[in-house]
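Undergrad: Kindly return the folded structure for what I paste below:
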Amino acid sequence: MTDVRQLDLALLRSWIGREETAEEVVTHALAERFRATFDEGRGTAEASATAPRMLHWCLAPPAVPMGELGADGHPARGGFLPPVPLPRRMWAGGDLVFHGEISASDAVRRISRIADVSVKEGRSGLLCFVSVCHEVSANGRAVLSETQEIVYRDHPAADAGPARGGAPAAEGEHRRSIDPSAVLLFRYSALTFNGHRIHYDLPYATRTEGYPGLVVQGPLQATLLARFAEQIHGAPPSRFSFRGLAPAYSGTPLVLHAQSEDGGLKLWSAVPGGPVSMSARADW
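TA: Below is the predicted model of the structure:
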């Protein structure tokens, strides 16, 4: 296990303030592939003119050459993100504030900045959190402000045993069951150009990283919950936040739950009888 003394926190925190800019023009073809992945029809021409919410996570992903990928399929450490020497990297959560909509054919620009780097001791060992702020514009119009939390952690000890599951999730006022099939996970990884092998390489996920199956992507769960909120309310939220609490795996149904709370919706996902996998909130 990695000791906190093995992390050069001063070096990692020197990445705070670093920025990068990425751009991509939204195409009708990308929006169509996104809708198809979430089992949504093409709809009317007017509806197709507006890009579906959460499509921005599919835009301008890092196009890293094969020779610059790590063993896990992620880009090697360093570059824009700090070189955290912990092997597991996951999307821990995020907060999104929407200022407008993205349309097909818009030129979308994302300006990203490292906002913070911190280290904590968790139940499973050392955790390093990297906070990234994104400002997204479309044809010069501000459309989204987002804070993304990335967590790095060690592989579990060989004698650690299975992780504690926690209390079973409550039943929501609204519920929908999703099949997080290997095909859905693969399609979403393709949409986001995400090479992380835990989402599509079963031998790697189980034998190398010790998971019981393919891991459902955090942003995929967040997208499912955000779209669920939009369907319940009849309009997309102006603010959406989420946090991953426990992994979900392909091969087991994933149930989306929602409950009215303080004028908005409290949302969560969980496998039947299992703990909350992701919690979220939507406001209008």
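Undergrad: For the chain, just list every one of the helices.
TA: 9-13, 28-37, 45-49, 182-191, 202-203, 218-233 (DSSP state H).
Undergrad: buried sites along the second one?
TA: Buried residues in helix 28-37, defined by neighbour count with 16 or more other CB atoms under 10 Å: 30-31, 34-35, 37. For glycine as for every other residue, the C-beta is placed from the backbone atoms N, C-alpha and C.
Undergrad: got any ranges where this structure has weak pLDDT?
TA: 1-6, 42-48, 124, 156-165 (pLDDT under 70).
Undergrad: Just give me the residue right at the centre of it.
TA: Pro219 (2.5 Å; CA atoms, centre = their mean).
Undergrad: Now for that one: which residues touch it?
TA: 54, 57, 91, 188, 192 (CB atoms under 8 Å, 6 or more residues apart in numbering).
Undergrad: Also Arg88?
TA: Counted by CB under 8 Å, 6+ apart, Arg88 has contacts 72, 152-155, 209.
Undergrad: Now the residues you listed in JSON lines, please, with extra columns for distance to His196.
TA: JSON lines is the format used below for those (distance: CB to CB, whole Å):
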{"residue": "Asp72", "distance to His196": "6"}
{"residue": "Tyr152", "distance to His196": "13"}
{"residue": "Arg153", "distance to His196": "14"}
{"residue": "Asp154", "distance to His196": "17"}
{"residue": "His155", "distance to His196": "15"}
{"residue": "Glu209", "distance to His196": "10"}
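Undergrad: now these in TSV, with distance to Pro65 and neighbour count?
TA: Below are these laid out as TSV (distance: CB to CB, whole Å; neighbours: other CB atoms under 10 Å):
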residue	distance to Pro65	neighbour count
Asp72	16	18
Tyr152	23	25
Arg153	27	21
Asp154	28	18
His155	26	16
Glu209	23	16
